[in-house]
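Trainee: Turn this into a model:
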Amino acid sequence: MGFISSIGNGIDGLVNIYSPQRALNRKISRLKLEKLKNFKKRSAQYAAAKTTRLTGIWSPTEASVNDIIGASSSAVRARIRQLVRDFPYFSNALNKICEYSVGTGITFQSRIRTPDDKLDKKAILQVEDAFNFWADEADIAGKLHYYEMMELAKRQDVENGEFLIIKRATSRAGRYLPFALQMLEPDSMTNVNTRAASKANVVDQGIEYNISTGQLVAYHFNDPNSWGKPMRVKAENVIHGYQSLRPGQLRGISPFAPAVLVTHDLNDYMDAEIDAAKMASKYLAFVKADPMGRQIGLEDDEDDSDKKIETLQNAIIEYLNPGQDITIATNPRPGDNFTPFVKLVLCMVSVTTGVPYELLSGDYGGLNYSVTRTGRNDFSHALRPISVRHIRHYCQKTIQPFMNVAVFEDKLHFPKYFTNPIPYLRSEWQPPGMEPVDPLRESKAQIDQVTKGLRSPQEIVKARGRDLEDVYREIAAAKKLAEEYGLTFEEVSTALANNPAAVAGGEDETKALMIELLDKLEN
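Mentor: Have a look, this model is predicted:
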């Protein structure tokens, strides 16, 4: 209570002693004034913050991001895992994100340069050969290739909201390098029986950090034997990848979280509709009879008058007694609204997961080139930050310790590496690309852009997940192989190049073009 309010209350008390009526009037006036002030405050609010009869008691509790994630992550992870296991569309959404953002691996390419700023092919070959040797044994368990671990890390990132990798040293005989990676589930982090190394540090959700700066200090993991003290690992030896949504965030949450409830409801609805259709399909016909009518049977014997019909044979003609009637059962399940409703919900799931509806559902009906191209472009743009974040959180944080150990173990001969490692760490990571919707149409447009200086060949090749140098090397090898067999590379028929519709114009045109192409190869 402020000083002015205290004085006002004191005056009201004095007035009340001498004139209760005047004191009451003063109190009513002050209440009206306070109500007016509150009304003005509410009028100045954003509409989204107002409480009306339409919003009801919608008053979400505001808490820190770490409190919200800490209270929700376990249940969210369990539910998403269950939906991925049991609901095809959710599983497909996860698979598509991993396939298009990582695929068979975001390919590593060294880009070391000479002092005159040219690619140092000798050093590049040395680094890439060493990396390929180590990639086969990157998993400390000896089960997964480096690129398989990369895909699993992305799967963990999408399904659980985060992935965990510990950088380990191993002395197992026969290894190329004594450096390996160990992947752990996010569930392995714990607060139980943990203790911060300093009074300036706090342990929250298994992560020890400096409370004043937010700098990560260590990670605490469950004891694998489930009986000892938690395992404390320095933060510099842990790779923890997740998408930060708010400042100070310590743990990740799955991007699929907003779709959990609506997907669970859709799963229940589809199960109920399928069960109803199965039950309805079990009924073939219903017999209607008045109280004096007989049950209808396959035989008309009087002794079998009480026998109820269970099956019908083909081409039976049944003569009914008066008062009897047969109604063939109809099965209206699923109803007319089933398909559009499922499509609506899947569109909601598509918006949440970022996977186009057609890829998510497998429904490609009614698509044309323009719609497909637009959807492909949108999906490509949405995947770009996903792939870049994975490069930063997984690729770059594993390649540097690999280089450190490889140089230290003298597998790579770079005497000046530890003086300045930056030139030797230059690299490119090539995510998987997408094939064009209409290769011929898009290739013509790309060629036109290259000739006019609007795009580079490298950009076009990278969009398909390839490296231009590899493409040229393959073309050179193909030309050399063709020469060995007495063949030459020639342009395809201008009719085929300039009029691709002629290929689909009829069988005769297709045969003629093929004969023309074969004649050129033979001559």
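Trainee: What segments of the stretch 151-300 of the chain are helices?
Mentor: Remark: helices assigned in the stretch 151-300 of the chain by DSSP state H, counting those that start in this stretch are 260-281.
Trainee: where are the low-confidence patches of it?
Mentor: The model of the stretch 151-300 of the chain has pLDDT under 70 over residues 226-228, 283-300.
Trainee: could you show me where the strands are in it, in order?
Mentor: 162-169, 179-184, 201-204, 207-210, 216-221, 231-234, 238-242, 285-289 (DSSP state E, counting those that start in this stretch).
Trainee: Let's have the ones you listed in a markdown table, adding distance to residue 139 and mean neighbour count.
Mentor: The C-beta positions use only the backbone N, C-alpha and C, and glycine is treated the same way. Output for those, formatted as a markdown table (distance: least, C-beta to C-beta, whole Å; neighbours: other C-beta atoms under 10 Å):
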| stretch | distance to residue 139 | mean neighbour count |
| --- | --- | --- |
| strand 162-169 | 10 | 20 |
| strand 179-184 | 6 | 19 |
| strand 201-204 | 29 | 17 |
| strand 207-210 | 24 | 20 |
| strand 216-221 | 18 | 21 |
| strand 231-234 | 18 | 16 |
| strand 238-242 | 14 | 20 |
| strand 285-289 | 62 | 13 |
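Trainee: who wins for proximity to residue 95 among those strands?
Mentor: With C-beta to C-beta as the measure, strand 162-169 is the member of these nearest residue 95 (16.6 Å).
Trainee: Now tell me what touches the closest one from outside.
Mentor: 140, 149, 152-154, 156-157, 178-186, 188-189, 219, 233, 237-242, 251-252, 394, 398, 401 (C-beta atoms under 8 Å, 6 or more residues apart in numbering).
Trainee: Describe which strands that strand pairs with in its sheet and in which direction.
Mentor: Sheet pairing of strand 162-169 (DSSP bridges) gives strand 179-184 (antiparallel), strand 238-242 (antiparallel).
Trainee: Quick one: work out the angle between the first one and strand 216-221.
Mentor: Relative orientation of strand 179-184 versus strand 216-221 (axes from the mean of the first three to the mean of the last three C-alpha atoms, to 10 degrees): 60 degrees.
Trainee: which other residues reach strand 179-184?
Mentor: 134, 137-141, 144, 146, 149, 152-153, 156, 163-170, 221, 239, 398, 401-402, 405.
Trainee: From residue 344, how far off is residue 265?
Mentor: Per C-beta to C-beta, to the nearest Å, residue 265 is found 12 Å from residue 344.
Trainee: got it, and residue 353?
Mentor: In terms of C-beta to C-beta, residue 353 sits 15 Å off from residue 344.
Trainee: Looking at those two, which has the bigger crowd around it?
Mentor: The neighbour comparison of residue 353 against residue 344 (other C-beta atoms under 10 Å) goes to residue 353, with 24 against 11.
Trainee: ok, now which ones touch that one?
Mentor: 93, 97, 255-256, 259, 360.
Trainee: Out of the residues you listed, the closest to residue 483 would be?
Mentor: residue 97 (44.2 Å).
Trainee: what is the rounded mean pLDDT of the helix or strand where the closest one lies?
Mentor: Per DSSP states H and E, residue 97 falls inside helix 88-101. Taken as a whole, helix 88-101 carries a mean pLDDT of 93.
Trainee: Please export the C-alpha coordinates of it as CSV.
Mentor: In CSV, the C-alpha atoms belonging to helix 88-101 read as follows (Å, rounded to 0.1, in the frame of the first residue of the first chain):
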residue,chain,number,x,y,z
PRO,A,88,1.8,-44.6,-39.4
TYR,A,89,1.5,-40.9,-40.3
PHE,A,90,3.5,-39.8,-37.3
SER,A,91,6.2,-42.4,-38.1
ASN,A,92,6.2,-41.2,-41.7
ALA,A,93,6.6,-37.6,-40.7
LEU,A,94,9.7,-38.5,-38.7
ASN,A,95,11.1,-40.5,-41.5
LYS,A,96,10.6,-37.8,-44.1
ILE,A,97,12.3,-35.2,-42.0
CYS,A,98,15.3,-37.4,-41.4
GLU,A,99,15.5,-38.6,-45.1
TYR,A,100,15.4,-35.1,-46.6
SER,A,101,17.6,-33.3,-44.0
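Trainee: Now do it and helix 260-281, the angle between them.
Mentor: 130 degrees.
Trainee: which residues are contacting helix 88-101?
Mentor: In contact with helix 88-101 (C-beta under 8 Å, 6+ apart) are residues 80, 83-85, 151, 154-155, 158-159, 256, 259, 263, 266, 346, 349-350, 353-355, 359-362, 379, 383, 386-387, 390, 431-432, 434.
Trainee: Can you show me the CA trace of stretch 468-484 as PDB?
Mentor: The C-alpha trace of stretch 468-484 is given here as PDB (Å, rounded to 0.1, in the frame of the first residue of the first chain):
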ATOM      1  CA  LEU A 468      30.400 -30.300 -59.000                       C
ATOM      2  CA  GLU A 469      33.900 -31.700 -58.900                       C
ATOM      3  CA  ASP A 470      32.500 -35.300 -58.400                       C
ATOM      4  CA  VAL A 471      30.100 -34.700 -61.300                       C
ATOM      5  CA  TYR A 472      32.800 -33.600 -63.700                       C
ATOM      6  CA  ARG A 473      35.100 -36.400 -62.600                       C
ATOM      7  CA  GLU A 474      32.300 -38.900 -63.400                       C
ATOM      8  CA  ILE A 475      31.600 -37.300 -66.800                       C
ATOM      9  CA  ALA A 476      35.300 -37.500 -67.600                       C
ATOM     10  CA  ALA A 477      35.400 -41.200 -66.600                       C
ATOM     11  CA  ALA A 478      32.300 -41.900 -68.700                       C
ATOM     12  CA  LYS A 479      33.800 -40.200 -71.800                       C
ATOM     13  CA  LYS A 480      37.000 -42.200 -71.300                       C
ATOM     14  CA  LEU A 481      35.100 -45.400 -71.000                       C
ATOM     15  CA  ALA A 482      33.000 -44.600 -74.100                       C
ATOM     16  CA  GLU A 483      36.200 -44.000 -76.100                       C
ATOM     17  CA  GLU A 484      37.500 -47.400 -75.000                       C
END
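Trainee: Fine by me, thanks again.
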